[in-house]
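A.B. asks: Provided below are the primary sequence and the corresponding predicted coordinates.
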Amino acid sequence: RKKAKRTSDAANPVVESVAVSEAAASDSTSKRGLWIAAGVAAAIVVGAGLLYALYGTSAKPPQGASSAQALSFVGSDTCASCHTGEAKLWHGSQHAHAMAHTSKDTVLGDFNDASFDYFGLHSRFFRDGDKFMVETDGPDGKLAAFEVKYTFGLDPLQQYLVEFPDGRIQALSLAWDSRPKDQGGQRWFHLSPHEEIRHDDILHWTKLNQNWNFMCAECHSTGVRKNYEAAKDRFATRWAEISVGCEACHGQASAHVAWAKDQKGWWPYKDNDPDKGLLVRFDERSGVTWGRDATGTPVRSTSPAGVRKEVETCGLCHARRGLMSENWVPGRPLSDTHLVAALSQGLYQPDGQMLDEVYNYGSFKQSKMYAAGVTCSDCHDPHRAKLKLAGDKVCLQCHDDTYASPTHNHHEGVTPTVGCVSCHMPERTFMVVDKRHDHSFRVPRPDLSDKLQTSDACTDCH
């Protein structure tokens, strides 16, 4: 903050007056000092009482004071020292492996002099000591060898990232199919198998649309700052944690760690912070039960109204969106800092079904599930990043068992078994092998699909 300019005492009549008064009263300075000290002490006591009356037992400082406190990332290992159960689940999740430095433990692909041919281009994957290398077409279209610095993702495919001297990190279009061999996996493949992508195409792996800093970083790492230097046209991107760690969802945890170490809250109200130093409490499901109304429809015990903190937090990465600000706060509306894609032509079908790679947020917010108060963790374990229960069991947490019977699905004796998601969450495949379910939870309407020329669950199979 810029320091205010001091006004000359000689030109200030108020200062001169005070100086004369102090000189005249110099013999009583000691007595007045005692009274002043007593007054200051009394003011502190009264002020503390007033603050307590205003803010009760809350350890939070007044509005504005908290924003002045600099929060910092502490890392998932710090979180794991107390939250061992959650950490164990997280370590086995795809979030924990969203991005990693290349090593024999993280690389799934075959780099033992394997090769792949694509529209006449012969690419090769090999090792150079501890380095993982790829020989493929560079930004000028000529064959060159590049070091793979990072792995990207885990299942059903793993991509690989190459770092350039200007700080750009680029995602190779050649990826490893990590599915088991009996499912067609354990092979190299190209993400645009039916279209030749040459070095001068915007979709080429060395161009903008495959740039990690711009396109991918925020959702595969924690606490990312892109740090693009326009004058030099280069990146100095940094992260707090290379993968999707605890603080990707919970936010900077330094205040929570301080609370846990008994440095709780803001003086003078130690030990009284109901939020425990956290930026957000994911408590929307606390004490919530689900019942059924007279028609058998699941009904939430508390009102679904209000900001869905959990859904907005998941939406940070599970939404089609653009970035407006890097200062996102967990639990706040995603639109505070991001431009969420609308239900627009090219992204969604005319009836709202997903068409392009829109992820889940936009689809889910259309659904009756969302309107009824369902949140992501009703179905998914947020730390394991998998369904809480297998198959139809996750749906039958709320819905009657009859919905899983042939009297409802009309597919008795069919192999493989037709489950709830077969009709109500149809799949679309992206990135050649990645099947994703539509989260708008629709009732199949072949009549409307025929009229609107949209896909429907019935004709997907028949």
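C.D. replies: That came through, no problem.

A.B. asks: the strands in the stretch 101-250 of the chain, which residues?
C.D. replies: Counting by DSSP state E, counting those that start in this stretch, the stretch 101-250 of the chain has strands at residues 114-118, 121-128, 131-137, 143-152, 157-163, 169-171, 174-177, 187-190, 228-229, 234-235.

A.B. asks: where does the residue nearest to Asp201 when sequence neighbours are not counted fall, phi/psi-wise?
C.D. replies: Among residues not flanking Asp201 along the chain, Lys207 sits closest, at 7.0 Å (C-beta to C-beta, 6 or more residues apart in numbering). Every C-beta, even on glycine, is put in place using the N, C-alpha and C of the backbone. In terms of degrees, to the nearest 10, the main-chain angles of Lys207 are phi -100, psi -180.

A.B. asks: pretty sure Lys207 contacts Phe214?
C.D. replies: No: in this structure, Lys207 is not within contact of Phe214 by C-beta atoms under 8 Å, at 10.7 Å.

A.B. asks: Low-confidence bits of this structure, can you list those?
C.D. replies: For the chain, the stretches with pLDDT under 70 are 1-69, 262-272, 306-307.

A.B. asks: hmm, try it at 50
C.D. replies: Regions of the chain meeting the criterion pLDDT under 50 cover residues 1-38, 40-68, 264-265, 267-269.

A.B. asks: ok, back up a step: now for the strands of the stretch 101-250 of the chain, which one comes closest to Thr78?
C.D. replies: strand 143-152 (23.1 Å; C-beta to C-beta).

A.B. asks: The closest one vs strand 121-128, what angle?
C.D. replies: Going by axes from the mean of the first three to the mean of the last three C-alpha atoms, to 10 degrees, strand 143-152 is angled at 70 degrees with respect to strand 121-128.

A.B. asks: Strand partners (parallel or antiparallel) of strand 143-152?
C.D. replies: Note on strand 143-152: by DSSP bridges, its sheet partners are strand 99-101 (antiparallel), strand 131-137 (antiparallel), strand 157-163 (antiparallel).

A.B. asks: okay if I get those strands as CSV plus distance to Ala144 and mean neighbour count?
C.D. replies: Compiled in CSV, the strands paired with strand 143-152 are given as follows (distance: least, C-beta to C-beta, whole Å; neighbours: other C-beta atoms under 10 Å):
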stretch, distance to Ala144, mean neighbour count
strand 99-101, 22, 19
strand 131-137, 7, 18
strand 157-163, 10, 21
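
A.B. asks: Reformat the ones you listed as JSON lines; add distance to Thr151.
C.D. replies: Formatted as JSON lines, the strands paired with strand 143-152 follow (distance: least, C-beta to C-beta, whole Å):
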{"stretch": "strand 99-101", "distance to Thr151": "5"}
{"stretch": "strand 131-137", "distance to Thr151": "9"}
{"stretch": "strand 157-163", "distance to Thr151": "6"}
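
A.B. asks: of all these, which lies closest to Gly287?
C.D. replies: strand 99-101 (36.5 Å).

A.B. asks: neighbouring contacts of that closest one?
C.D. replies: Outside of strand 99-101, the residues within contact range by C-beta atoms under 8 Å, 6 or more residues apart in numbering are 106, 149-153, 161, 220-221, 242-243.
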